[in-house]
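**Q** Sequence plus the predicted model coming up.
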Amino acid sequence: MNNLIQDLQSKFGVENIQPMEGGLQQTITLPKDILVDVCRYLRDDSKYYFDFLSNITAVDYFPENRFAVVYNLASLPFQRQLTLRVELTMENRDKNNLPEVPSVSSVWRTADWHEREAFDLMGIFFSGHPDLRRILLPDDWQGFPLRKDYEDPESYHGIPIKGE
């Protein structure tokens, strides 16, 4: 996998591709503005062929007001796994003040539902997503339940939510 890091660094810049030490699987941190290009390269290059996006998740670093979006990739033919990580700060916000990262649904179709889930539960906005809307909660739900600063509402449409 060291060749992968060197290859990505030569193609996208050493300053943009940062390997993370430790962990059970190779993890690379990269800026959001090259995310889609890196993903497309990792999918299309015959040396790597990361043909499957296993998962997308988000991490809330409350109270630091920053998030990370984590992409778990797999190359089924080569039996390899790779994690990509994009860190989002207050500067990475959309017009509704949500953390924003580009959608990778044009690279892997499975991203469609993974991104919708991260949007629904963590409030991450995926720009360019073809149908970014809630997937688990009602459309008019307020807030994002997996954020650390989320507080359960007392009721929803007059129905009590909090138990005694």
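**A** Perfect, I can see it now. Numbers count the residues shown, from 1 in each chain.
**Q** Quick check: beta-bridge partners of Leu82?
**A** Leu73 (DSSP bridges).
**Q** Can you list the residue ranges for helices in this structure?
**A** 2-12, 35-44, 111-122 (DSSP state H).
**Q** what sits against the residue nearest the centre of the chain?
**A** The chain has Val69 as the residue nearest its centroid, 3.3 Å off, counting by CA atoms, centre = their mean. For Val69, the contacting residues are Ile56, Thr57, Ala58, Val59, Arg85, Val86, Leu88, Pro99, Val101, Ala118, Ile124, by CB atoms under 8 Å, 6 or more residues apart in numbering. Backbone N, C-alpha and C define where each C-beta goes, glycine included.
**Q** hang on, the earlier thing: worst average pLDDT in the helices of the chain?
**A** Among the helices of the chain, helix 2-12 carries the lowest mean pLDDT, at a mean of 93.
**Q** Any chance of a ChimeraX selection covering the buried ones in the contacts of Val69?
**A** If you want just the buried ones from those in ChimeraX, going by 16 or more other CB atoms under 10 Å, the selection is:
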select :56,57,58,86,88,99,101,118,124
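**Q** so which of the contacts of Val69 comes closest to Val38?
**A** Val86 (9.9 Å; CB to CB).
**Q** Cross the contacts of Val69 against strands and list the overlap.
**A** Among the contacts of Val69, DSSP state E puts Ile56, Thr57, Ala58, Val59, Arg85, Val86, Leu88, Val101 in strands.
**Q** Pick the one among those residues closest to Gly143.
**A** Nearest to Gly143 among these: Ala58, at 14.6 Å, using CB to CB.
**Q** show me the contacts for the nearest residue to that closest one once chain neighbours are set aside.
**A** Excluding the flanking residues, the one nearest Ala58 by CB to CB, 6 or more residues apart in numbering is Met122, at 4.1 Å. Contact analysis of Met122 by CB under 8 Å, 6+ apart lists Ala58, Asp60, Phe67, Phe144, Leu146, Arg147.
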